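Asks: the following block contains a protein sequence and its predicted model.
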Amino acid sequence: MSSSLDVTVAADFSSRQLILMNPGPVNTDDRVRAALAGPDLCHREPEFSDLMTRVRRKVVQISGGGPEYTSVILTGSGTAAVEAIVASAVPEAGGLLILDNGHYGERFCEIAAGYSIRSHRLSFGWGIPIDLEQVDAALAADPGLTHVAVVHHETSTGMLNPVAQITAIAHRHHREVIVDAISSVGAEDILMDRDNIDWLAGSSNKCIEGLPGLGFVCARKTSLEALSSGLRRGYYLDLHRHYRAQAGAAAPAFTPGIPAYYAFDQALDLALEEGTDRRHSRYRELAERLRSGLACLGLQFLLPAEQRAVALTAIRLPAGVPYNDLHAWLKEQGFVIYTAQEQLAPTYFRLSTMGRMTADDVDRFLAALASFLGKKAPEHPGSAS
């Protein structure tokens, strides 16, 4: 039985609108949250088939795929989509070249190891750009590396990796490319068709501004159909199983998160209406405003401007300031910030500009941060990149 204290805390929490500056989940449009309350629905009825089919079509659109592409929706996080691709697409006699310059590059290594998939890891170091000559040389040296894995927006550092250049190199060697676009699709500059991407993993939240709970895979129809003759390494994350059910029977392979579908459908409508270019511009303006203010407060960035995504910024903690103290203070002021990961955690924190954040939110955040630091709030943030 809940105590009166529990009820009071819950009521207090629900009355506050925290500004989420973590890189997903993000603050969403009221219409997306309202969509969660869609009608109770059986997933084996035609109404859900129609909903799932709409969502699959819109996923291809937001990913920049042409008519030869299709999508598969998974109830799970974006990592479920990444794992499904690795486990399903790399053949039994194949191998995976992993381009690792952050936490999520390392995750590719862990997934491959979990399925006993042979892999070769090019480790560049966190926040270090991928050396394209090394990629070319590694593929030339080992014809058994059938696939290349890369993270587009490496959110452990905020770095964007050059996916189009990597796919061009891989295709010269007749290899396929798996792209983790979980924190980029919908706002950063990435398009399946233009960039000639073979496999793309994404998520219903982050830059698409939906709610957590669904991951997706976008790929050519011929590639998904070809999985029918491949090694079946898993069950729930067997990508061909899901494709066969969704494309062939217009039905999910397993019971899906139906409320998440309602919200995702609405979020995709809003994302497609705004368009990736305009959403990118909106995020860029917020990031420039934030970074200008942070620079005025004397804070330092992990990456140079030309390497940063518009959706996230990694910042060095001020000397003598424990992250937990900074987090607690800013949360009291209505802002949730995010720690850095692993080796960067002692000295850096991260701020996202994804979601329905506004310029006023950024200005209020900078004022709160300035107050914590005992400094004057920046008066005119917004010009630096």
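Replies: On my side now, so go ahead.
Asks: which element, helix or strand, includes residue 40?
Replies: Per DSSP states H and E: residue 40 is located in neither a helix nor a strand.
Asks: phi first, then psi, for it.
Replies: Torsion angles at residue 40 (phi, psi; degrees, to the nearest 10) stand at phi -60, psi 140.
Asks: and it, how many neighbours does it have?
Replies: Residues lying near residue 40 (other CB atoms under 10 Å) number 6. For the C-beta atoms, the positions are set from N, CA and C on the backbone; glycine is no exception.
Asks: and for the one 4 residues further on?
Replies: Using other CB under 10 Å, residue 44 has 11 other residues around it.
Asks: hang on, it packs against residue 251?
Replies: Yes. Taking CB atoms under 8 Å as the definition, residue 44 is a contact partner of residue 251 at 6.5 Å.
Asks: residue 240 sits in which helix or strand?
Replies: Secondary structure from DSSP H and E places residue 240 in helix 239-243.
Asks: just list what that helix packs against, helices and strands only.
Replies: With contacts taken as 3 or more CB pairs under 8 Å, 6 or more residues apart in numbering; DSSP states H and E, helix 239-243 sits against strand 69-75, helix 78-89, helix 221-226.
Asks: what's the closest of those to residue 27?
Replies: helix 78-89 (18.3 Å; CB to CB).
Asks: what are the contacting residues of the closest one?
Replies: By CB atoms under 8 Å, 6 or more residues apart in numbering, the list of residues contacting helix 78-89 from outside reads 72, 74, 96, 107-108, 111-112, 115, 117, 147, 149, 176, 178, 180, 182, 199, 201-203, 206, 215-217, 219, 223, 227, 230, 233-234, 237-240, 242.
Asks: show me where the stretch 251-385 of the chain has its strands.
Replies: 312-316, 335-336, 338-339, 348-352 (DSSP state E, counting those that start in this stretch).
Asks: domain-wise, how is this structure divided?
Replies: Split into domains by automatic domain parsing, the chain comes to 4-21+275-373, 30-273.
Asks: returning to what we had before: TSV please, covering the helices and strands packed on helix 239-243 and showing mean neighbour count.
Replies: Converted to TSV, the helices and strands packed on helix 239-243 look like this (neighbours: other CB atoms under 10 Å):
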stretch	mean neighbour count
strand 69-75	24
helix 78-89	25
helix 221-226	16
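Asks: which of the ones you listed sits closest to residue 367?
Replies: helix 78-89 (33.1 Å).
Asks: what about the closest one, average pLDDT?
Replies: Regarding helix 78-89, the rounded mean pLDDT is 98.
Asks: right, and the helix or strand after that helix?
Replies: Next along the chain after helix 78-89, taking DSSP H and E as the criterion, comes strand 96-100.
Asks: what helices or strands is that following strand leaning on?
Replies: Identification of packing neighbours for strand 96-100 by 3+ CB pairs under 8 Å, 6+ apart yields helix 103-114, strand 119-123, helix 132-141, strand 147-151.
Asks: please work out which residues outside the helix holding residue 240 touch it.
Replies: With CB under 8 Å, 6+ apart as the test, helix 239-243 has contacts from 70, 72-74, 84-85, 87-89, 217, 224-225, 227-228, 230, 232, 235, 252-253.
Asks: shaky segments in the protein?
Replies: Regions of the chain meeting the criterion pLDDT under 70 cover residues 1-16, 380-385.
Asks: quick one, what contacts the nearest residue to residue 268 once chain neighbours are set aside?
Replies: Sequence neighbours aside, residue 58 is the residue nearest to residue 268 in space, at 4.0 Å (criterion: CB to CB, 6 or more residues apart in numbering). Contact partners of residue 58, counting by CB under 8 Å, 6+ apart, are 265, 268-269, 272.
Asks: what strand or helix carries the spatially closest residue to residue 66 that is not a sequence neighbour?
Replies: Nearest residue to residue 66, sequence neighbours excluded (CB to CB, 6+ apart): residue 193, at 4.5 Å. Taking DSSP H and E as the criterion, residue 193 maps to helix 192-195.
Asks: which strands and helices sit next to that helix?
Replies: Using 3+ CB pairs under 8 Å, 6+ apart, the elements in contact with helix 192-195 are helix 163-172.
Asks: could you give the angle of the helix or strand that the helix it packs on is followed by to strand 147-151?
Replies: Per DSSP H and E, helix 163-172 leads on to strand 176-180 as the next helix or strand towards the C-terminus. Calculated by axes from the mean of the first three to the mean of the last three CA atoms, to 10 degrees, strand 176-180 forms an angle of 20 degrees with strand 147-151.
Asks: what pairs with strand 176-180, parallel or antiparallel?
Replies: Next to strand 176-180 in the sheet, as set by DSSP bridges, lie strand 147-151 (parallel), strand 199-203 (parallel).
Asks: can I have the first one written out in CSV, keeping just the CAs?
Replies: Listed next in CSV are the C-alpha coordinates belonging to strand 147-151 (Å, rounded to 0.1, in the frame of the first residue of the first chain):
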residue,chain,number,x,y,z
HIS,A,147,30.8,-5.9,-42.5
VAL,A,148,31.9,-2.6,-41.0
ALA,A,149,30.3,-1.2,-37.8
VAL,A,150,30.3,2.5,-37.0
VAL,A,151,28.5,4.9,-34.7
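Asks: who touches that strand?
Replies: For strand 147-151, using CB under 8 Å, 6+ apart, the contacting residues are 86, 89-90, 94-99, 101-102, 104-105, 108, 112, 130, 135, 139, 161, 163, 166, 170, 175-180.
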